[in-house]
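**Q** Pasting a predicted model and its sequence here:
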Amino acid sequence: MKRIRLKSYDILIMDNIIKKLIVDLKSNNWGRKFAIITDSKVKKLYGIELQEILNKAGIESIIIPFVSGEKNKNFHTVERILDQLFKEDFHKDDAIIALGGGITGDIAGFTASIYMRGIPYIQIPTTLLSIVDSSVGGKTGVNTQWGKNLIGTFYNPKRVYIQPKFLNTLPKKQIKNAVAEIIKYGVIAKPSLLKTLKKNRKEILNLNKKILLKIIFSCIKIKAGFVTIDEKEHGIRKHLNYGHTIGHALEKISGFSIQHGQGVSIGMSIINTISVSRKMMTKKDADYIKNLLKSYSLPTKLLPSVSAIRLISAIKLDKKMHNDKKQFIIPTKLGKIKIIDSITNRDIIKACKKHA
Ligand SMILES: NC(=O)c1ccc[n+]([C@@H]2O[C@H](COP(=O)([O-])OP(=O)(O)OC[C@H]3O[C@@H](n4cnc5c(N)ncnc54)[C@H](O)[C@@H]3O)[C@@H](O)[C@H]2O)c1
Ligand SMILES: [Zn+2]
């Protein structure tokens with residue numbers, strides 16, 4: 001078992017997490033009974049089984065499923081879950097288990113943070129993206145008509161349980177989505193991750209355990225480092241948003257037919273182009289990132305239906321905007337990043353032309 005300690009909770013990486021979970025649920029005062037929040041797909045794969053195991057172990061639990069997909073990461077789903085918690089008589093001394101990908105984590109964490117002004121929750125991420133990224137740092141939230149993740153809370157789980165074996169059922173497309181976030185970590189903090197991704201493409205897509213564990217551990221360590229210094233994203237934590245302002249806008253414009261990893265991939269590519277045209281980054285470095293993204297079938301071009309103007313209006317409301325100036329996280333070389341406040345619409349339009 002590997003344990004990564006954050007300020008207020010631990011992340012455990014191990015093979016038989018359910019056994020450990022049962023021991024922990026019995027020995028900690030996290031909850032009297034538990035609501036397993038999970039999406040419809042993960043419910044079938046792992047949710048029902050988890051509930052059976054918990055109930056057999058004498059731990060009372062219910063399942064509250066929602067239909068999978070970014071479209072459902074909204075207030076309506078949260079309201080439905082809240083209703084269910086009331087119906088099932090959940091109180092302050094009960095808790096939530098988030099079982100699933102990043103969408104489940106964001107919804108379940110948000111619900112936990114507002115139900116009766118906050119009840120405990122535990123995270124069991126089951127996608128590579130949620131393991132390397134969303135299960136670290138306590139960000140929760142939902143999407144609204146105004147944009148992605150603009151409503152939410154910072155609310156830490158009691159513990160995070162990672163079992164790489166869950167990934168065996170994950171479609172390749174979702175592994176590739178996670179690679180976009182792993183490339184993000186490589187560019188902002190650890191270029192050797194990029195080399196690992198380049199050298200071991202086949203092994204990673206085939207879930208080679210040794211390589212995957214090394215990557216997972218590196219990513220969590222990097223994110224843990226950022227969020228420990230800057231929990232509420234006033235400074236250095238913003239680096240983790242590299243590619244995300246544009247990515248989120250593209251997800252929203254596409255009606256969420258573009259998934260998070262894909263949006264981030266296009267977002268990073270466009271930002272790199274801006275960096276090159278401002279002579280902040282070499283074309284060689286930008287091409288290196290672009291080719292790596294492409295080698296994992298991640299998109300680097302805009303959909304034909306998305307104009308630069310539409311993109312600009314969609315990013316207007318993003319949280320990274322201050323006083324009408326656009327603030328972006330711009331890489332200057334592999335492993336180095338700057339927060340730049342002066343990106344203009346012209347910069348974006350020019351870069352979009354190169355990604356049409
Ligand atoms: N809170 C944060 O810090 C943070 C960080 C990064 C991303 N996010 C959010 O995470 C979301 C993306 O997460 P995601 O990519 O995990 O999406 P997701 O939760 O939708 O999971 C992707 C798909 O995989 C399925 N799935 C999950 N686990 C599976 C398994 N083991 N086997 C087979 N199928 C499985 C799901 O049902 C879903 O269809 C976005 O909404 C993004 O905004 C949040
Ligand atoms: Zn992300």
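**A** Arrived safely, thanks for sending. Ligands and ions are numbered 1, 2, ... in the order given.

**Q** Wasn't residue 305 part of a strand?
**A** No. Assignment of residue 305 by DSSP: H, G, I helix; E, B strand; the rest coil gives coil, placing it outside any strand.

**Q** And it, how far from residue 30?
**A** 46 Å (CB to CB, to the nearest Å). Every C-beta, even on glycine, is put in place using the N, C-alpha and C of the backbone.

**Q** which of the two has more neighbours?
**A** A direct count of neighbours by other CB atoms under 10 Å for residue 305 and residue 30 places residue 30 higher, at 20 against 8.

**Q** can I see the domain layout of the chain?
**A** The chain resolves into domains spanning 2-169, 172-354 when parsed by automatic domain parsing.

**Q** end to end, how far does the longest one reach?
**A** So the one you mean is domain 172-354. Start-to-end span of domain 172-354 (CA to CA, to the nearest Å) is 28 Å.

**Q** is ligand 1 contacted by that domain?
**A** Yes. Judged by CB under 6 Å from any ligand atom, domain 172-354 and ligand 1 are in contact via 174, 177, 260.

**Q** Skipping adjacent residues, who's closest to the most centrally placed residue in the chain in space?
**A** In the chain, the C-alpha nearest the mean C-alpha coordinate belongs to residue 134, at 3.5 Å (CA atoms, centre = their mean). Nearest residue to residue 134, sequence neighbours excluded (CB to CB, 6 or more residues apart in numbering): residue 102, at 3.8 Å.

**Q** And for residue 59, the neighbour number?
**A** Neighbours of residue 59 (other CB under 10 Å): 17.

**Q** Residue 268 and residue 183 touch, don't they?
**A** Yes. Taking CB atoms under 8 Å as the definition, residue 268 is a contact partner of residue 183 at 7.0 Å.

**Q** Need the overlap of contacts for the two.
**A** Here residue 268 and residue 183 share the contacting residues 289, 293, scored by CB atoms under 8 Å, 6 or more residues apart in numbering.

**Q** Of the two, which one has the most company?
**A** Neighbours were counted for residue 268 and for residue 183 using other CB under 10 Å; residue 268 has more, 28 against 24.

**Q** Figure out the helix or strand that that one lives in.
**A** helix 260-277 (DSSP states H and E).

**Q** For the closest residue in space to residue 265 that isn't next to it in sequence, give me phi and psi.
**A** Excluding the flanking residues, the one nearest residue 265 by CB to CB, 6+ apart is residue 298, at 3.9 Å. Residue 298 adopts backbone torsions of phi -90, psi 140, taken as degrees, to the nearest 10.

**Q** follow-up on the earlier one: which residues does the residue nearest to residue 134 contact?
**A** Taking CB under 8 Å, 6+ apart, we find residue 102 in contact with 125, 127, 129-130, 133-134, 260.

**Q** ok, it to residue 274 distance?
**A** Look at residue 102 and residue 274: by CB to CB, they are 26 Å apart.

**Q** Next: residue 127.
**A** Separation of residue 127 from residue 274 (CB to CB): 30 Å.

**Q** of these two, who's got more company?
**A** Comparing residue 127 with residue 274 by other CB under 10 Å, the one with more neighbours is residue 127, at 26 against 23.

**Q** Right, I'll call it a day here.
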